[in-house]
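Engineer: Next input, structure requested:
(one chain, ligands or ions: 2)
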Amino acid sequence: MKNVLFIASEAVPFIKTGGLADVVGSLPACFDKRYFDVRVMIPKYNCMYQKYKDMLEYITNFYMDYNGRSTYVGIFRCQWNGVTFYFIDNEYYFSGESAYTSDMKWDLERFIFFSRAALSALPLIDFHPDIIHCHDWQTGIVPVYLHDSFHEGEFYRDMKSVITIHNLKFQGTWDVKTVQNYTGLSSYYFAPDKLEAYKDANILKGGIVFADAITTVSRTYAEEIKTEFYGEKLDGLLKAREHDLRGIVNGIDYNDYNPETDNFLANKYSKKTFRKEKIKNKRALQDQLGLERNDGAFMIGIVSRLTGQKGIDLVAYIMDELMQEDVQVVVLGTGEEQYENMFRHFDWKYNNRCRANIYYSEELSHKIYGSCDAFLMPSLFEPCGLSQLMALRYGTVPIVRETGGLKDTVIPYNEYEGTGTGFTFTNFNAHEMLNAIRYARGVFVAHRREWNKIIDRGMDADFSWWNSARQYQEMYDWLKP
Ligand code: ADP
Ligand code: GLC
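Structural biologist: Ligands and ions are numbered 1, 2, ... in the order given. From the prediction side, this is the model:
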């Protein structure tokens, strides 16, 4: 039996700001339980829903020296979906209104505390991991600690570490002195071949240097990040470590995202019945959002963090042109103010055709996946992307830019061969995107049988976790034969 511990900053159903939570919360249940015991550790945020906080069972607490103070660390536990989740408690650090703040220095202090506390808690939880699997910059310091002070203790000596990069853009960077204080690491670690990058300390870089294996969430992104355009200034390092770097594409939870059983939908449907049944959801959503009741309007959904990564600039650029056609656009997302206001503006300007829902809602997200004709994701970069997988599963045809995981998961429609699951474009160019949307709408309007076959193929594609879980298992076996 191999023991693996995920250490991460978010996990569904407890706390979610993006796809990271979906992965950390749903992947561990999909390992072969005969050979792998995979558990998860996250912070105990006060902003978790009360019903989840009520489920947690207190285990124990201890005090840890951190940033010059003796600091309380509580440990809680709960079972969810057959997986054990541990929670690190400290009110000072985790009582805020959200998982992350806009203050990077404070977040560094919080997540370095969490990483250190997570490792320190291990001897007290009756679970000895063979492999520690970290995710993104928030836990990037863990492999460094395993190389350093923790290495001295018998308990930690043989532990291997993996770091998964879900998004290279965020690296956890601040001046060396501050980070050195938080981490308590010696100056040996703050050199350009270790944590230092361009004069600052960079936590993710430390993780990439010291982890025994590095993964990212699609094959294409694993290649892209070795180039200057996508490498976020770490392309040289990633190239140097390419033999330890692999891309394993994400899956989604096929129970949570299933149009046959989804209680959020006005009307459930399957691969067999979507032709007749899905349109009822479109009408219900039009009614709910106050859009024109119109079966023929090409309804495009967007569920996204509203940031530069997601290609929202392209949408802004062609929105007026797009709105001249028989199209409806339904947006659900939060993020940068300029993008939020941009969609609010279009909502006002094209009131019966565009609806901007600027908030977070699990329920509305499912309704969008289960009602729209197409799903738009024109990302500038996309490590994997889960939304397009959800769209495929719900028979909502993705229109995506060919980058990262989008390229690996959406097969471009080929009208001559009768293949493909979506519509794609290559360059980060608004009119290329508009052409792809127009092409899709053309098929939707004039070749409905063809359109439905695209949906058939999309719903047939298998993006459940099993295949990816197997690849992680192989990697764990390689690390610890
Ligand atoms: P990222 O992690 O970069 O945000 P992904 O496509 O991997 O992108 O995952 C995004 C996840 O967050 C999906 O599950 C999507 O449905 C969800 N999501 C994004 N914005 C919202 C929102 N405003 N309300 C509900 N769910 C959202
Ligand atoms: C990140 C990426 C997204 C990926 C998710 C889960 O948030 O932006 O592409 O799907 O992590 O791995």
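Engineer: Correct me if wrong: residue 38 contacts residue 4.
Structural biologist: Yes - with contacts counted by Cβ atoms under 8 Å, residue 38 reaches residue 4, the gap being 4.5 Å. Yep, even glycine has a C-beta here, placed from its N, CA and C like the rest.
Engineer: the helices in the stretch 151-300 of the chain, which residues?
Structural biologist: 176-183, 203-210, 219-224, 235-240, 274-289 (DSSP state H, counting those that start in this stretch).
Engineer: Please identify the deepest-packed of the ones you listed.
Structural biologist: Highest mean neighbour count of those: helix 203-210, a mean of 26 (counted as mean count of other Cβ atoms under 10 Å).
Engineer: picking up where we left off before, need the residues touching each of residue 38 and residue 4.
Structural biologist: Taking Cβ atoms under 8 Å, 6 or more residues apart in numbering as the contact rule, the neighbours common to residue 38 and residue 4 are residue 31.
Engineer: Which positions in the stretch 251-400 of the chain make contact with ligand 2?
Structural biologist: Neighbours of ligand 2 within the stretch 251-400 of the chain, by Cβ under 6 Å from any ligand atom: 382, 383, 384, 385, 386.
Engineer: Shouldn't the second one be within a strand?
Structural biologist: When you say that, I think you mean residue 383. No - Residue 383: not assigned to a strand; according to DSSP: H, G, I helix; E, B strand; the rest coil it is coil.
Engineer: which residues touch whatever residue of the chain ends up closest to ligand 2?
Structural biologist: Taking Cβ to the nearest ligand atom, ligand 2 has its nearest neighbour within the chain at residue 19, 2.9 Å off. Residues in contact with residue 19 (Cβ under 8 Å, 6+ apart) are 166, 250, 384, 385, 386, 387.
Engineer: export those to TSV and tack on neighbour count?
Structural biologist: Output for the contacts of residue 19, formatted as TSV (neighbours: other Cβ atoms under 10 Å):
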residue	neighbour count
166	22
250	25
384	27
385	30
386	25
387	29
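Engineer: could you pick out which of these are near ligand 1?
Structural biologist: 384, 385, 386, 387.
Engineer: quick check, stretch 216-227 touching ligand 1?
Structural biologist: No - counting by Cβ under 6 Å from any ligand atom, ligand 1 is not contacted by stretch 216-227; separation bottoms out at 8.1 Å.
Engineer: repeat for stretch 120-138
Structural biologist: No - Stretch 120-138 lies out of reach of ligand 1 by Cβ under 6 Å from any ligand atom, never closer than 10.3 Å.
Engineer: pLDDT of that stretch, averaged?
Structural biologist: Stretch 120-138 carries an average pLDDT of 96.
Engineer: So for the longest strand anywhere in the chain, what gets flagged as buried?
Structural biologist: For the chain, the strand with the greatest residue count under DSSP state E is strand 69-80. The neighbour-count check on strand 69-80 (16 or more other Cβ atoms under 10 Å) flags 71, 72, 73, 74, 75, 76, 77, 78, 80 as buried.
Engineer: How about stretch 55-67?
Structural biologist: For stretch 55-67, a neighbour-count test (16+ other Cβ under 10 Å) marks 55, 56, 59, 64, 66 as buried.
Engineer: hang on, isn't the third one packed against residue 84?
Structural biologist: No - assessed by Cβ under 8 Å, residue 59 is found out of contact with residue 84, at 11.0 Å.
Engineer: Residue 3: what secondary structure?
Structural biologist: At residue 3 the chain is in strand, as set by three-state DSSP.
Engineer: Identify the residues contacting the residue of the stretch 51-200 of the chain found nearest ligand 1.
Structural biologist: Using Cβ to the nearest ligand atom, residue 167 is the residue of the stretch 51-200 of the chain that sits closest to ligand 1, at 6.4 Å. If you count contacts by Cβ under 8 Å, 6+ apart, residue 167 has them with 20, 136, 309, 383.
Engineer: ok, and the most crowded of those residues?
Structural biologist: residue 383 (29 neighbours; other Cβ atoms under 10 Å).
Engineer: where's the nearest residue to residue 269 once chain neighbours are set aside relative to ligand 1, distance?
Structural biologist: In space, and not counting its chain neighbours, residue 269 is closest to residue 277: 3.7 Å by Cβ to Cβ, 6 or more residues apart in numbering. Per Cβ to the nearest ligand atom, to the nearest Å, residue 277 is found 22 Å from ligand 1.
Engineer: which residues touch residue 277?
Structural biologist: 267, 268, 269.
Engineer: Of these, which count as buried by neighbour count?
Structural biologist: Buried members of the contacts of residue 277, scored by 16+ other Cβ under 10 Å, are 267, 268, 269.
Engineer: out of those, who's nearest residue 115?
Structural biologist: Using Cβ to Cβ, residue 268 comes nearest to residue 115 of those, at 42.2 Å.
Engineer: neighbours around the spatially closest residue to that closest one that is not a sequence neighbour, how many?
Structural biologist: Excluding the flanking residues, the one nearest residue 268 by Cβ to Cβ, 6+ apart is residue 260, at 5.6 Å. Residue 260: 11 surrounding residues under other Cβ under 10 Å.
Engineer: Kindly report the same for residue 116.
Structural biologist: Residues near residue 116, counting by other Cβ under 10 Å, number 25.
Engineer: need the helices of the stretch 151-300 of the chain in TSV with distance to residue 445 and mean pLDDT, can you?
Structural biologist: Below are the helices of the stretch 151-300 of the chain laid out as TSV (distance: least, Cβ to Cβ, whole Å; pLDDT from 0 to 100):
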stretch	distance to residue 445	mean pLDDT
helix 176-183	56	98
helix 203-210	46	98
helix 219-224	32	98
helix 235-240	43	98
helix 274-289	15	98
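Engineer: could you redo these as a markdown table and give each row distance to residue 446?
Structural biologist: Below are the helices of the stretch 151-300 of the chain laid out as a markdown table (distance: least, Cβ to Cβ, whole Å):
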| stretch | distance to residue 446 |
| --- | --- |
| helix 176-183 | 59 |
| helix 203-210 | 48 |
| helix 219-224 | 32 |
| helix 235-240 | 44 |
| helix 274-289 | 17 |
